[in-house]
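Undergrad: sequence first, then the predicted structure, then my questions.
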Amino acid sequence: MQGWTFVDDHGTFRLENPHRTSYLYFPLVNESGLVSAITPTLHGDIKTGQNSFLTPPVSVEDLHSSRAARNFWVWIEGHGAWSATGNSAPQQARRFTEDDEAVVLEAGPLWHRVSRERPDLGLRATVTNVVPAAGDAVASTDAVASTDAVELMRVTLTNISDSPLSLTPTAAIPIFGRSADNLRDHRHVTSLLHRATAADHGVLVTPTLSFDERGHLPNDLTYAVLGSEADGRPPRGFFPDVEAFIGEGGAFDWPAAVVQNLSPSHRPGDRVDGYEAIGGLRFAERTLQPGASADYILILAILSPSHDPGELLARYGTAARFETSLARTAEYWASRLDRVACHTGERRFDRWFRWVSLQPTLRRLCGNSFLPYHDYGRGGRGWRDLWQDILGLLIMSPDDVGETLLGHFAGVRLDGSNATIIGREPGAFRADRNDIPRVWMDHGAWPLLTVDLYLDQTGDLDFLLREQVYFKDHLVERAAATDEAWTAEQGTWQRAAAGAVYRGTVLEHLLIQHLVPFFHVGEHNIVRLEGADWNDGLDMAAERGESVAFTALYAGNLRRLSELVLALAARGHADTPLAEELVLLLDTLGEPVASDDVAAKQARLGAYFAACRHTISGRQTRVPLADLARDLAGKADWLTAHLRRQEWVEDGAGHGWFNGYYDNAGRRVEGPHPAGARMTLTGQVFPLMGGVATPEQARTIVASVDRYLHDPVVGGYRLNTDFGGVQLDLGRAFGFAYGHKENGAMFSHMAVMYAFALYRRGLAREGFRVLDGLYRHSQAFSISRMYPGLPEYVSERGRGMYPYLTGSASWYLLTLVTEAFGVRGRLGDLRLCPRLVREQFAADGTAAIDCVVAGRQLTVVYHNPAGLDAGLYRVAGVRLQGVEVAWVPEDGAAIVSREALAGLPAGETARLDVTLAERTRSPS
Ligand code: G1P
């Protein structure tokens, strides 16, 4: 089967007969919060949030089970009704027998076009959809001052026969006009709230009230379907309600209004109150001569009271204005995606990678909601994803990320846990409205990874000393207890005993996030699993479960924190202010606790929890940085040794790996098992990433993961072996059929983090294999059945699932740029440490990446004339803008100082040519 092919370097792709693949959809979004999903038959939905859906909300199965799609009908004299979007009962009926409509999809960032040709009818229809990235006032800049919550659609009908065609066009866009909740909560009753008006150019629906989880509130949004001909001429009449449009016995895919070519039920100025609505727009009948075309522009909008439909018509309502918006939108996205682009030996990869680099932005705009597979999302973003998505954004557009990061630290509680309800604005956290006393034990580990990248890329080490508030609600002791003294009226900022809001440094927040887990251990002296870790599905071991995997990440992080503390000292800081209570957990500075004494650790943590249960004293003590670093490094050392000693398992056949978990019965989860070895990829990734696995163990892990988790059918490494059934002592994930989602699928996020960890451990070829496998599978359309990009996971049958919104894209970006290309800041300097394998270089021996480091747009071109493989070369020369530049060699890599880059003219792209030469035995 022929899959999609790229047609240009922007990533534009073309796919023939896209409608013969199910479950495909494409996102159209803008910064105003409009999110559309669109399929090859223009199914999908359009909304700005959980409570404001313009069209009926869809989950992925609705894409084929519901008939409520965007539609554009043509009544053809002498033939009858035909859907330009392929959504008619007769067209569907022909699908497997005489599907003689030639359908071609073309899509690019971020627009979507489907052409459909029926030679026997003499007609071609081309439908282009776009969500304008910026209002007309703003061209291709980041300053998206005024985006409209609109999706635009242009329909071009062309007579491809040699005789005149008489056509009557009717646009038909179902208008839901309310909250997604109303799909199963008073759907009919909420239609009684609708007030639909036939305006000059379309149908406007302004419900009187909204009934949703917020209560019964006056509604001020207007849901609109406006239309005009190419020159701006309005439709001739309207069908604003579903009943009148479909007729008795009709349906969305065979409506009486079109099939019987009925006259419009309503004229401009008419109203319909209390019915399900539709933007049924009847355009004037016209005769097309052979070769001639007719154009129709539709504006599908969600309008706030300050928005006037007339403005939208003025901005978008002709064919020429539509084209301007389309061009600007394409330019807007291209200018963003151009910032990070790679030029390797495989052009298809380079173009595919553009779509991956778009994904973090899609996740920022959509979270885990609002695309058809993500039918559990209601908007908002989760803590873990929030931080990891910034990894990708730091690579794509690092400007101002510091403020965003600082804002997010306001979500940390003094017990090291964090708020779970995160608002749209940075720093906006809310007390959990559902009172869910749940803590994910991995949450404390992610912010440091993001901050670490931020510090490296910018050199802004003083960021660690900036102050921020803490989050406070009724949950204390990591949700194990309730602070009876807390009331919502006190607000969600932690206060000191004297009543003032308490503020601590970013460093203090990070310390709390890492010191608390060190003491919060279960019976094996491993950090407790609590509500779950990265794997949300490990949620049934809250009492006795422990996560070895994330203990390893915390260990690596404690070591990194100690290094950062020393870096602060090297910049002239002698000490740092810390909450007095925290010194309880910096035990080696005061009264030490034996690290191998579980009860003593728990008791010390209890003392700390007691000291900051409702308020904190507000007193701070200045801790010398050298002492602080020593305490942290000591804890990292102890954990590393403990994990190596206690958690390494072997199968007796030469394989060895780390146990990743203890279950709720206190049993070790992984290792040899009568029904087949048990292994999780997570359990291997973090000992590798956190430096817990020795170099020898790292190699053994690679071989063991290849043996137990590798599966070419799913494009790489599965998340776990088959544990053989439901695990009531571990979590709901094992209720999923094996091979799906968090139970043993090829789960991209963990697979990519595996690649990252392998590169980090110097295993470049092994890391490349993981990244390459993911790419090869995702782009093999006949099996993955997805558009360019990374899926969240690959199903048992090989289909790419949950496309677009996945944290794996951020990690792929991070791994490719900072590990494979090896371009990463180091506290503001530039480190060039390529680990590209031979085949990543083009035929001329070069491989290049465009990226942003230390505020500079760079193009780094590696020259590998001898065609050497990763590990066999070293940096031998660096030229900046064609001139040799000073650099310091470091184990095969080159460090270029920040000063060398500082002299470059701002806003221009600087080119670095880096020559690679064979590595000698003792690298410089
Ligand atoms: C999703 C969630 C992520 C979670 C993971 C595993 O992965 O967003 O927070 O850790 O499932 O349960 P994603 O592919 O979006 O990164």
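TA: Received it, and whenever you're ready, just let me know what you need.
Undergrad: thinking Glu151 is in contact with Phe26, fair?
TA: No. Counting by CB atoms under 8 Å, Phe26 is not a contact partner of Glu151; they are 12.0 Å apart. Yep, even glycine has a C-beta here, placed from its N, CA and C like the rest.
Undergrad: neighbour count winner among the two?
TA: Neighbours per residue, other CB atoms under 10 Å: of Glu151 and Phe26, the larger number sits with Glu151, 28 against 21.
Undergrad: that one and the ligand: what is the separation?
TA: 25 Å (CB to the nearest ligand atom, to the nearest Å).
Undergrad: check Ala809 too.
TA: On the measure of CB to the nearest ligand atom, Ala809 and the ligand end up 8 Å apart.
Undergrad: who touches the residue nearest to that residue when sequence neighbours are not counted in this structure?
TA: Spatial nearest neighbour of Ala809, chain neighbours left out: Gln359 (3.3 Å); criterion: CB to CB, 6 or more residues apart in numbering. Contacts for Gln359 were tallied using CB atoms under 8 Å, 6 or more residues apart in numbering; they are 392, 789-790, 804-806, 809-810.
Undergrad: kindly reformat these as CSV containing pLDDT and distance to Pro18.
TA: CSV is the format used below for the contacts of Gln359 (pLDDT from 0 to 100; distance: CB to CB, whole Å):
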residue, pLDDT, distance to Pro18
Gly392, 92, 27
Gly789, 98, 15
Leu790, 98, 19
Tyr804, 98, 16
Leu805, 97, 21
Thr806, 97, 22
Ala809, 98, 22
Ser810, 97, 28
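Undergrad: out of the residues you listed, flag the one nearest to the ligand.
TA: Thr806 (3.3 Å; CB to the nearest ligand atom).
Undergrad: could you measure from that closest one over to Leu394?
TA: The spacing between Thr806 and Leu394, counted by CB to CB, to the nearest Å, is 17 Å.
Undergrad: right, and Tyr296 touches Gly227 too?
TA: Yes. Counting by CB under 8 Å, Gly227 is a contact partner of Tyr296 at 6.2 Å.
Undergrad: you'd agree Leu564 is in a helix?
TA: Yes. According to DSSP: H, G, I helix; E, B strand; the rest coil, Leu564 belongs to a helix.
Undergrad: and it, what pLDDT?
TA: For Leu564, the pLDDT comes out at 98.
Undergrad: quick one: contacts for it?
TA: Leu564 neighbours (CB under 8 Å, 6+ apart): 452, 455, 461, 464, 507.
Undergrad: redo that, cut-off 10 Å
TA: Counting by CB atoms under 10 Å, 6 or more residues apart in numbering, Leu564 touches 448, 451-452, 455, 461, 464, 507, 510, 625, 629, 632, 827.
Undergrad: near the ligand, which residues of this structure show up?
TA: Contacts of the chain with the ligand, taken as CB under 6 Å from any ligand atom, map to 368, 382, 384-385, 534-536, 742, 749, 792, 806-808.
Undergrad: now, these that are in strands?
TA: Using DSSP state E, the subset of these located in strands is Glu792.
Undergrad: among the residues of the chain next to the ligand, show me the least confident.
TA: Gly382 (89).
Undergrad: doesn't Ile422 make contact with it?
TA: Yes. Gly382 is within contact range of Ile422, at 7.2 Å (criterion: CB atoms under 10 Å).
Undergrad: which neighbours do Tyr296 and Gly227 have in common?
TA: When contacts are counted by CB under 10 Å, 6+ apart, Tyr296 and Gly227 are jointly contacted by 72, 153, 155, 169-171, 233, 235, 281, 283.
Undergrad: now whichever residue of the stretch 801-924 of the chain sits closest to the ligand, nearest residue through space, not along the chain?
TA: Ranking the residues of the stretch 801-924 of the chain by distance to the ligand (CB to the nearest ligand atom) places Gly807 first, at 2.9 Å. Of all residues not flanking Gly807 in the chain, Gln388 sits nearest, at 4.6 Å (CB to CB, 6+ apart).
Undergrad: separation between the one you found and Arg560?
TA: Distance from Gln388 to Arg560, by CB to CB: 16 Å.
Undergrad: got it, and Pro674?
TA: 40 Å.
Undergrad: can you give me the helices for the stretch 1-150 of the chain?
TA: Listed from the start of the chain, the stretch 1-150 of the chain has helices (DSSP state H, counting those that start in this stretch) covering 62-65, 89-93.
Undergrad: quick check: neighbours shared by Gly382 and Ile422?
TA: Taking CB under 10 Å, 6+ apart as the criterion, Gly382 and Ile422 both touch Gly367.
Undergrad: who has more neighbours, Pro674 and Arg560?
TA: Taking neighbours as other CB under 10 Å, Pro674 and Arg560 compare with Arg560 leading, 20 against 5.
Undergrad: who are the contact partners of the more buried one?
TA: By CB under 10 Å, 6+ apart, the contact list for Arg560 reads 448-449, 451-452, 510, 514, 632, 636, 690-691.
Undergrad: mind doing that once more with 7 Å?
TA: 448, 452 (CB atoms under 7 Å, 6 or more residues apart in numbering).
Undergrad: one more: Asp452?
TA: Arg560.
Undergrad: can you tell me how far it sits from the ligand?
TA: 19 Å.
Undergrad: before we move on, what about Ala555?
TA: 20 Å.
Undergrad: I'd like to know which of the contacts of Leu564 are buried.
TA: Among the contacts of Leu564, the ones that count as buried by 16 or more other CB atoms under 10 Å are 448, 451-452, 455, 461, 464, 507, 510, 625, 629, 632, 827.
Undergrad: between these, which sits nearest the ligand?
TA: Leu448 (16.7 Å).
Undergrad: helix or strand: which one has the closest one?
TA: helix 446-458 (DSSP states H and E).
Undergrad: alpha carbons of that helix, in CSV - could you do that?
TA: The C-alpha trace of helix 446-458 is given here as CSV (Å, rounded to 0.1, in the frame of the first residue of the first chain):
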residue,chain,number,x,y,z
TRP,A,446,10.6,15.9,36.6
PRO,A,447,11.1,19.6,37.4
LEU,A,448,14.8,19.2,38.0
LEU,A,449,15.3,17.6,34.6
THR,A,450,13.6,20.6,33.0
VAL,A,451,15.4,23.2,35.1
ASP,A,452,18.7,21.4,34.4
LEU,A,453,18.2,21.9,30.7
TYR,A,454,17.1,25.5,31.2
LEU,A,455,20.3,26.2,33.2
ASP,A,456,22.4,24.5,30.5
GLN,A,457,20.8,26.3,27.6
THR,A,458,20.8,29.7,29.2
